[in-house]
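*Asks:* I would like to see how this sequence folds:
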Amino acid sequence: MNNKDYSISIIRLISMIMIISCHILQGLNNNFAFWINTGVQLFFFVSGFLYGKKKISNIKEFYKKRMEKILFPYIIVFIISLLLEFVLLKRQYSLKKIFGCIIGFGGFTGNISILSHTWFVSYILLCYILVPVLQILFKTNKFKKNFMYFLIFMFFMQLFQEYGIVNIEISWINNFIIGYFYSKCCKTIKQDKTFVFFIFISFLLIIPYAIIYQEKIPILLPNIFNLHAKFITNYGHVMLGSVLFIILYKTINKFNIKNNIILSFSDKYSYYIYLVHQIFILNSFSVLFLTKNLFINIVLIILFSIFFAFIIKKLCDILLVGLKCLCSKGIVLFKNI
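*Replies:* Predicted coordinates for the structure are as follows:
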């Protein structure tokens, strides 16, 4: 029996459409890109939500599968992109930068030009590393205690960034944690309503400041908001993504959603489309202005993204099988020595 939640598949598809639309709007210098730039935050919430429903018993196997599904395809795309930049654009990067990107640190240290959007890979891998920790943290069935742990954990995570203990954007990690907590700990209608109320209140408190900052409205703000404009805008996106997920999830679940070719394709190729799409939008290989017809250019972006996502997926599948075969033969050979 298939117990798959297809509402998540729809939300994942919406997230991908938002990400691509945002980058197209950025390429067109349209300010609306700022407000549609919540696709990634929506995906962080979805990822946390899904892992809040799972119990990780074999941590080693869990990490191995995450590396195969997330890091390995990224490495393949990175190597191809690096060669393209070197051969066609004559760009060169230090070995330190290349090594950092290959091990998945590009989102923290800076990636190569045409893969600047893949900062998400570094952050989602870090979120996956935290999953066993979150599983231990929220092991109690007491909602109030879990909610207290949730707030304290997020607060200290943010504090680490504010005081320079870690040099990463903690808001994206907390975005994942919010999704994880909602899935893991909100088991009753009352708990669900309590958490949804918390999210909506946070949304209402932070969004006005994000609007003021983004639209550059000439209003005197407390110094804390002037000093932490990035904090405000980032958590504005986190709250937008969280609210959007809750609205979409509760609305879509009212309908009897069944699998179809679009959802099946999206589940299979959305990550690969994410990895390659921006190459054709905001970089030297952009086709956004290839013709005078914007509609044709957008169709070309979608077609190129789907085509190369398909190629990368097939290439990764072949290489991964070959790599596993070599490793297993190497282990057998080593044991026979």
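*Asks:* Okay, now the unreliable bits of the stretch 151-300 of the chain?
*Replies:* Counting by pLDDT under 70, the stretch 151-300 of the chain has low-confidence residues at 207-230.
*Asks:* With adjacent residues omitted, what lies nearest to residue 188?
*Replies:* residue 143 (7.8 Å; C-beta to C-beta, 6 or more residues apart in numbering). For glycine as for every other residue, the C-beta is placed from the backbone atoms N, C-alpha and C.
*Asks:* Do you know the pLDDT at the one you found?
*Replies:* Residue 143 carries a pLDDT value of 79.
*Asks:* quick one: contacts for it?
*Replies:* The neighbourhood of residue 143, defined by C-beta atoms under 8 Å, 6 or more residues apart in numbering, consists of 185, 186, 187, 188, 191, 194.
*Asks:* right, and the pair among those with maximum separation?
*Replies:* The largest separation in the contacts of residue 143, counting by C-beta to C-beta, is between 187 and 194 at 11.5 Å.
*Asks:* more crowded one of the two?
*Replies:* Between residue 187 and residue 194, counting by other C-beta atoms under 10 Å, residue 194 is the more crowded of the two (15 against 11).
*Asks:* Pull the number of nearby residues for residue 96.
*Replies:* 9.
*Asks:* so after the host helix or strand of it, what's the next helix or strand?
*Replies:* In this assignment (DSSP states H and E), residue 96 forms part of helix 95-102. Note on helix 95-102: by DSSP H and E, the next helix or strand toward the C-terminus is helix 106-109.
*Asks:* So which elements touch that next one?
*Replies:* For helix 106-109, the packing partners by 3 or more C-beta pairs under 8 Å, 6 or more residues apart in numbering; DSSP states H and E come out as helix 95-102, helix 119-137.
*Asks:* let's see it at 6 Å
*Replies:* Applying 3 or more C-beta pairs under 6 Å, 6 or more residues apart in numbering; DSSP states H and E, one finds that helix 106-109 contacts helix 119-137.
*Asks:* List the buried residues of the helix it packs on.
*Replies:* Using 16 or more other C-beta atoms under 10 Å as the burial criterion, the residues of helix 119-137 that qualify are 119-128, 130-131, 134-135, 137.
*Asks:* distance between it and the chain's centre?
*Replies:* The chain centre lies 11 Å from the centre of helix 119-137; the measure is C-alpha atoms, centre = their mean, to the nearest Å.
*Asks:* just stretch 159-174 next, same as before
*Replies:* With C-alpha atoms, centre = their mean, you get 17 Å for stretch 159-174.
*Asks:* List the buried residues in it.
*Replies:* Buried positions in stretch 159-174, judged by neighbour count with 16+ other C-beta under 10 Å: 161, 168, 169, 170, 171, 172, 173, 174.
*Asks:* how close does the residue found closest to residue 114 once you drop the neighbours it is linked to in the chain get to residue 252?
*Replies:* Of all residues not flanking residue 114 in the chain, residue 283 sits nearest, at 4.3 Å (C-beta to C-beta, 6+ apart). Note on residue 283: its distance to residue 252, by C-beta to C-beta, to the nearest Å, is 34 Å.
*Asks:* One more: residue 279?
*Replies:* Look at residue 279 and residue 252: by C-beta to C-beta, they are 31 Å apart.
*Asks:* Who has more neighbours out of the two?
*Replies:* Per other C-beta under 10 Å, whichever of residue 279 and residue 252 has more neighbours is residue 279, with 23 against 17.
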